[in-house]
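K.L.:
A predicted structure for the sequence below; I have some questions about it.
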Amino acid sequence: MVTPRRSPLRDLAGQPGVLAVLNGRGEPQDGAAGPQDLREAVAGRDRYVVLVDDAELVPQDTPLATALEEVLRSGRDAEHGLIIAGTTGDMTTAYRGFVAEARKSRTGMLLSVQGPTDGDLFAVRLPRGAVGGPPGRGLLITLGAITPIQAALPT
C-alpha cells in the first residue's frame, strides 16, 4: 500500500497479506518511499495488488510515481495490478502519470457520487438518479458500462 498522508490503511501494516505500507509523499530523502521500496515489497511475487490511497497526492515527478506507472503497465499482461483511490475532481484533471494511465482503462468504482460530472473520470455519462444515496452507494464502471452497487460497510 502507498499512502501519501495519514490513512486508516496504515494500521494494516504487518497484517497477513500486507507486504508493506509505504509513505508516498515527496522524495525518498524526505522519508518517502522510493521505487526500490516498492520493488522490494513485491520481489519474487507474481500475484499482487498495489493500492494507492489519495493517489492525487503522490507527486507525479517522482521515481515512485514512475514505478507505480510501471506496475500498471506490466500488470496488463500479468497477474498483478494497481488500484488507486482519490477524489474525482483531482483525479479527473490528471493528464499524465499513473493516475492518467489508470483512467484510460475506463474501469473503476465511483462511491458517494456528488454530481453528473463525476462520470468524466471514466469518460461516461452518468444516469439520472446516480447522485447521492446512503453511504457505500456507488457505480461500478467497466469499460464504460455502468452497474449500480452497494459497498459493504463495517458494522
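P.N.:
Thanks, I have it.

K.L.:
Can you give the contact residues for the longest helix belonging to the chain?
P.N.:
Ranked by residue count under DSSP state H, the longest helix found in the chain is helix 63-75. Helix 63-75 is contacted from outside by 2, 22, 24, 28, 32-35, 37-39, 42, 50, 52, 58-59, 80-82, 97-98, 101-102, using Cβ atoms under 8 Å, 6 or more residues apart in numbering. Heads up, the C-betas are built off the backbone N, CA and C, glycines and all.

K.L.:
what do you get for stretch 9-26?
P.N.:
Residues contacting stretch 9-26 (Cβ under 8 Å, 6+ apart): 1-5, 31-33, 37-38, 40-42, 45, 48, 51-53, 57-59, 62, 64.

K.L.:
Just those: which are in strands?
P.N.:
Per DSSP state E, strands hold the following members of the contacts of stretch 9-26: 2, 3, 48, 51, 52.

K.L.:
Counting neighbours, which of the residues you listed comes out on top?
P.N.:
Neighbour counts for these (other Cβ atoms under 10 Å) peak at residue 2, which has 30 neighbours.

K.L.:
What score does the residue of the chain positioned farthest from its centre have for pLDDT?
P.N.:
The C-alpha centroid of the chain is most remote from residue 128, which lies 26.0 Å away (Cα atoms, centre = their mean). As predicted, residue 128 sits at a pLDDT of 83.

K.L.:
go on, residue 155?
P.N.:
Each residue has a pLDDT score; the one for residue 155 is 68.

K.L.:
again with residue 31
P.N.:
60.

K.L.:
Same check on residue 131?
P.N.:
Residue 131 is assigned 85 on the pLDDT scale.

K.L.:
how about the helices of this structure, start to end?
P.N.:
Under DSSP H, the chain gives helices at 35-42, 63-75, 88-92, 97-103.

K.L.:
so which of those helices is the most packed in?
P.N.:
Mean neighbour count (mean count of other Cβ atoms under 10 Å) peaks for helix 97-103 among the helices of the chain, with a mean of 20.
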